[in-house]
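Asks: Quick one, fold the following:
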Amino acid sequence: MDNQDKQKALVRTLTCGAELEFLMPNHEESETIYAPLITKLALAIKFGTSSQPVAAVCHHQDFEMSCLVCVSISREDMLDQETAIFRRPSSRDGQAWGRNFPAKHSFYVVKAEDKHQAELRRGPERAIELATPVFRKRDVDEGLLSLDKVFRAFAKMSIEELNYDASCGLHIHTGLLKGVFAVDAKRLITLILMLESVFLRDIIPRHRQYSPFGAGLIGSSGFGLGDHGSHKDEDPAEMAAHLPWGNAEPPMRAWNNRSPRLWRDALRRIWNSPSLVDLAQGVCRYDRYNGWKPLSFVIRLRDGQGRPLPDDQGSLRSASGSRSGGQDDFPRSTFEFRYPTMTFEVEFIQFWLEICNKLTEIASLPTDEYKGWIKRLDDALDAVDGRVLHERAQELGFPKPEVRAILTELKLPHIVESWARVISENPSKRMGPQ
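Replies: Just a heads-up that it's a prediction; the model follows:
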């Protein structure tokens, strides 16, 4: 057992969270004013729940020293230079858990959509994002009770005040409390390449599959296209140790599109990567005009305090220049799954958190245990290869045989049981106050 596997033999606590995107009507028909919308949503959480911690990120107009978010907030209630606290965490448990992360991650944080998306969005609505606090696995297992309370507060708002459509995303973040290593990322990317075509991309709407948020890594990323990484024609020893077929050619399966050589070449580039920074670049798509552009799965590099690097095209390049000797300089980094679309169904969000948590948990396991999971998933998919879902079952929204096999093997059979009601029928718009 190598040093990294010895570290992984210890209990590794999973962390997770979500970013949710909503639509709100333009303030006074302006496409640039966000502060009133941010404030309105933050106050809806503050006054619509009894204890949920909430903060909001300022959105100043040009030359403004303050905005509606911060104008009435005392200096003591400014979390940082741009984040105003509307309510602090009340429970001791929540406060203790929050000390493991940057203070902002203890709150529900309301903010404007990022600048790039804002430039693309035109029309009568603005997108507002809500980032959840960092959740534990037990929070997910218990049904995301705090998020349910927040959604109940939102349900008091009319659909004219708060809604979402097919353009709105639900981004799932996962991590490990004591930090991640490059080998964790390599294992997780390997799992994603194995499951993306028969599972992860198969359970999202068709329009999402054709957007960058649902794009397959094998067909769009630097690793998949061969634009990034080493082109050595041999399997790294570490890679072979993690696969049940070792140095042999992978079996010809539907999950590798009957092209195991293409899949194997992508894995060689992944497993030859020297660091998290290199892996973070490789899972993106490279555009010579715009730099590295994120796809369906992203490695979010974070500094030693857990703060994310700036989300711009130069951040990966500057991070790459800061690493030395192939060491992981960003152990507080997290993984982001960008496949699903927005919903007001807490159970839908819970399902996605469970799926992403399970994949991250598998990626954190020692080598032999991880290899066992790869074999079991391959066997489960091989057993249903070629089966077709009955036409009536398709109409009712039941999952395809491959999806059912994967969820069962991942020990998430309860998701299968609720699939038609929650996953397949996820609406593009909510119903409004109940």
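Asks: Would you mind measuring from the residue nearest to residue 250 when sequence neighbours are not counted to residue 130?
Replies: Counting by Cβ to Cβ, 6 or more residues apart in numbering, residue 260 is the residue found nearest to residue 250 once chain neighbours are left out, at 4.0 Å. For the C-beta atoms, the positions are set from N, CA and C on the backbone; glycine is no exception. Applying Cβ to Cβ, to the nearest Å, the value for residue 260 to residue 130 is 42 Å.
Asks: Checking the residue of the chain most remote from its centre next. Helix, strand or coil?
Replies: Centroid-distance maximum for the chain: residue 63 at 34.5 Å, with Cα atoms, centre = their mean. Of the three states, residue 63 takes coil under DSSP: H, G, I helix; E, B strand; the rest coil.
Asks: Could you pull out the helices in the stretch 201-350 of the chain for me?
Replies: Ranges of helices in the stretch 201-350 of the chain, per DSSP state H, counting those that start in this stretch, are 206-209, 217-220, 222-225, 237-242, 260-271, 276-282, 315-322, 346-363.
Asks: tell me the most buried of the ones you listed?
Replies: Burial of the helices of the stretch 201-350 of the chain is given as mean neighbour count (mean count of other Cβ atoms under 10 Å); helix 276-282 ranks first at a mean of 25.
Asks: Show me how far that helix is from its chain's centre.
Replies: Remark: helix 276-282 is offset 16 Å from the chain centroid, using Cα atoms, centre = their mean, to the nearest Å.
Asks: can you pull the contacts of the nearest residue to residue 118 once chain neighbours are set aside?
Replies: Using Cβ to Cβ, 6+ apart and skipping the chain neighbours, the partner closest in space to residue 118 is residue 112 (6.8 Å). Contacts for residue 112 (Cβ atoms under 8 Å, 6 or more residues apart in numbering) come out as 34, 37-38, 57, 59, 118, 126-129.
Asks: now swap in residue 293 and tell me
Replies: 212, 284-287, 313.
Asks: what do you get for residue 413?
Replies: Applying Cβ under 8 Å, 6+ apart, the residues near residue 413 are residue 407.
Asks: Next one: it from residue 190, what distance?
Replies: From residue 413 to residue 190 the distance is 24 Å (Cβ to Cβ).
Asks: ok so, going back, and the residue nearest to residue 118, bridged to which residues?
Replies: residue 128 (DSSP bridges).
Asks: Redo the contacts of residue 293 as a markdown table? Include pLDDT and distance to residue 344.
Replies: As requested, those are exported to a markdown table (pLDDT from 0 to 100; distance: Cβ to Cβ, whole Å):
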| residue | pLDDT | distance to residue 344 |
| --- | --- | --- |
| 212 | 92 | 24 |
| 284 | 96 | 30 |
| 285 | 93 | 31 |
| 286 | 87 | 36 |
| 287 | 84 | 34 |
| 313 | 46 | 33 |
